[in-house]
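**Q** sequence and predicted model, in that order:
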Amino acid sequence: MSTSEFVYNGRGARVVFGSGSLTHIGREMRELDVGRALIISGQDQGALVTSVAGQLSASAVGVFDRAAMHVPADLVVEAGSVAASLEADCLIAVGGGSAIGLAKAIALESSLPIIAVPTTYSGSEMTPIFGITEGGLKRTGTSSRVLPKTVIYDPNVTVTLPVALSVTSGINAIAHAAEGLYARDANPLTSLMAEEGIAALARSLPRIVARADNLPGRSDALYGAWLCGAVLGSVGMALHHKLCHTLGGSFNLPHAATHTVVLPHAMAYNAEAAPEAMKRIARALGHHSAAQGLYELARGNGAPVALNELGMVEDQLDQAADIACINAYWNPRPLERDAIRSLLQDAFEGKAPAR
Ligand code: NAD
């Protein structure tokens, strides 16, 4: 990659990182000069939400705990009116991409600042990308209004993330960095973050599988997720993300697990067109091949490697290949419908990625 000419789009979130950093949440509200927080979460984050609300006492004016996958538009309206009626002056998103996504959608209308406390490795907290689903269609867009102002990365809040979800969520993060390495607008800084992020996740996921409450491992994984999320927030994504949006959006497959299954195959598809990126991914994985290394990372840590394990039906593969080729994202290798169909067949069957 050229180091002589590039654009680096630095994103402005303040990051507070480390075990116990959640105890600084009151200080972080004062830093933003806000004092009335609405906490946004999913329903199964009760204990964590209670602890955050308890810490903030009167500065937490309410909790909206019904965040759901894909950010349904009616929930955005409802949560937005709760924020307005409570005169909240900030949102604290506690959870994964779904909770953070809901907070972003509220902020899009209200411009309320967001403090994010990520509990998965999705990376949404680092991006200005939002998505809202209405009538079965997910509208996505980009706005600096939805980018969290502060992100508190406390590995303690990730210890409860089930091991299986930790692995798929971690590989979901790796996908951002892997595609970031061959993005058209990649630059030396995002590529540094990408390689370091992949390496941190690749070395930490086996430690988490061995012991879910391994705090140094959790910390390393969250560090990797931050870097990978920062890449997603700075540069464009390609075929892999398009395939996963297709499979998630049109066939309702689970987000992180779908990324995990598809990634090795997307890398194999792009291998010859993006040799420098592949070299860096492989180096970060400590493997001779990016695609094979990712496949082994998933399989070796008990993650699904086949779309048929996720509820995909073989009859849907033709339609998925067609949808993936409509409004295609830029990709280092042109999208060839038959080759994409064959990629999906391999992913469906759980085969090792094509060489
Ligand atoms: P998620 O937020 O839906 O969480 C998955 C499940 O894990 C949920 O049931 C949740 O309650 C549970 N969970 C989360 N953290 C936990 C913890 N620490 N302990 C126990 N359970 C926990 O899933 P996700 O993978 O984090 O996010 C996926 C969503 O985020 C998708 O809708 C995706 O489109 C979106 N996303 C958006 C961006 C962006 O930049 N806008 C980036 C990545 C993902």
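**A** Structure received.
**Q** just how off-centre is the helix or strand harbouring H245 within its chain?
**A** Taking DSSP states H and E as the definition, H245 sits inside helix 239-251. When distances are taken as C-alpha atoms, centre = their mean, to the nearest Å, helix 239-251 is centred 14 Å away from the chain's centroid.
**Q** let me see the mean pLDDT of that helix.
**A** Per-residue pLDDT values across helix 239-251 average out to 92.
**Q** how much space between the nearest residue to S59 once chain neighbours are set aside and G26?
**A** Closest residue to S59 apart from its sequence neighbours, by C-beta to C-beta, 6 or more residues apart in numbering: G35 at 5.4 Å. C-beta here means a position set from N, CA and C on the backbone, and glycine is covered the same way. With the distance defined as C-beta to C-beta, to the nearest Å, G35 ends up 10 Å from G26.
**Q** and for the two, which residues touch both?
**A** Listed as contacting both G35 and G26 by C-beta atoms under 8 Å, 6 or more residues apart in numbering are S59.
**Q** output the contacting helices and strands for the helix or strand hosting V77.
**A** Using DSSP H and E, V77 falls within helix 73-85. Judged by 3 or more C-beta pairs under 8 Å, 6 or more residues apart in numbering; DSSP states H and E, helix 73-85 is in contact with strand 37-41, strand 60-64, helix 97-110, strand 129-134.
**Q** secondary structure class for the residue nearest to S59?
**A** coil (DSSP: H, G, I helix; E, B strand; the rest coil).
**Q** that one: neighbouring residues, count only.
**A** G35: 15 surrounding residues under other C-beta atoms under 10 Å.
**Q** and it, how far is that from the ligand?
**A** G35 sits 27 Å away from the ligand, going by C-beta to the nearest ligand atom, to the nearest Å.
**Q** ditto for G123
**A** From G123 to the ligand the distance is 5 Å (C-beta to the nearest ligand atom).
**Q** for the spatially most central residue of the chain, which non-adjacent residue is spatially closest?
**A** Taking C-alpha atoms, centre = their mean, the centroid of the chain lies closest to S122, which sits 2.4 Å from it. Among residues not flanking S122 along the chain, G97 sits closest, at 3.6 Å (C-beta to C-beta, 6+ apart).
**Q** ok, now which ones touch I171?
**A** Counting by C-beta under 8 Å, 6+ apart, I171 makes contact with 201, 205, 256, 259-260, 263, 294, 297-298, 303.
**Q** and the ligand, which of these reach it?
**A** When contact is defined as C-beta under 6 Å from any ligand atom, the contacts of I171 meet the ligand at A256.
**Q** among the contacts of I171, which are in helices?
**A** Among the contacts of I171, DSSP state H puts 201, 205, 256, 259-260, 263, 294, 297-298 in helices.
**Q** save these as CSV, and put in distance to D315 and neighbour count too.
**A** Shown next, in CSV, are those (distance: C-beta to C-beta, whole Å; neighbours: other C-beta atoms under 10 Å):
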residue, distance to D315, neighbour count
L201, 34, 30
L205, 33, 28
A256, 25, 25
H259, 23, 28
T260, 23, 29
L263, 24, 28
L294, 27, 29
L297, 30, 25
A298, 25, 25
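**Q** can you put these in a markdown table and add pLDDT?
**A** Formatted as a markdown table, those follow (pLDDT from 0 to 100):
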| residue | pLDDT |
| --- | --- |
| L201 | 98 |
| L205 | 98 |
| A256 | 97 |
| H259 | 98 |
| T260 | 98 |
| L263 | 98 |
| L294 | 98 |
| L297 | 98 |
| A298 | 98 |
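**Q** out of the residues you listed, the closest to the ligand would be?
**A** Nearest to the ligand out of those is A256 (C-beta to the nearest ligand atom; 4.4 Å).
**Q** what residues does the stretch 151-300 of the chain have near the ligand?
**A** So the stretch 151-300 of the chain meets the ligand at 157-158, 160-161, 165, 169, 232, 255-256 (C-beta under 6 Å from any ligand atom).
**Q** farthest-separated two in those?
**A** In those, two members sit farther apart than any others by C-beta to C-beta. They are T160 and L232, at 24.1 Å.
**Q** ok so, going back, quick one: which of the helices and strands packed on helix 73-85 is nearest the ligand?
**A** Nearest of the helices and strands packed on helix 73-85 (C-beta to the nearest ligand atom): helix 97-110, 1.9 Å.
**Q** mind listing residues that contact the very next helix or strand once past the closest one?
**A** Toward the C-terminal end, the helix or strand that comes next after helix 97-110 (DSSP H and E) is strand 114-118. By C-beta under 8 Å, 6+ apart, the residues outside strand 114-118 that reach it are 13, 22, 25, 28-29, 32, 37, 48, 52, 90-96, 100, 103-104, 107, 124-125, 146-154, 157-158, 222, 225.
**Q** and which of the ones in helices among the contacts of I171 is nearest F64?
**A** Nearest to F64 among the ones in helices among the contacts of I171, with distances taken as C-beta to C-beta, is A256, at 23.3 Å.
**Q** what sits against the closest one?
**A** Per C-beta under 8 Å, 6+ apart, neighbours of A256: 120, 122, 165, 168-169, 171-172.
**Q** helices of the chain, start to end?
**A** Going by DSSP H, the chain shows helices at 25-31, 46-56, 73-85, 97-110, 163-181, 188-210, 215-234, 239-251, 255-270, 275-285, 290-300, 317-325, 337-349.
**Q** kindly reformat those as TSV containing distance to L310.
**A** Output for those, formatted as TSV (distance: least, C-beta to C-beta, whole Å):
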stretch	distance to L310
helix 25-31	36
helix 46-56	27
helix 73-85	25
helix 97-110	17
helix 163-181	10
helix 188-210	19
helix 215-234	22
helix 239-251	8
helix 255-270	5
helix 275-285	23
helix 290-300	12
helix 317-325	12
helix 337-349	10
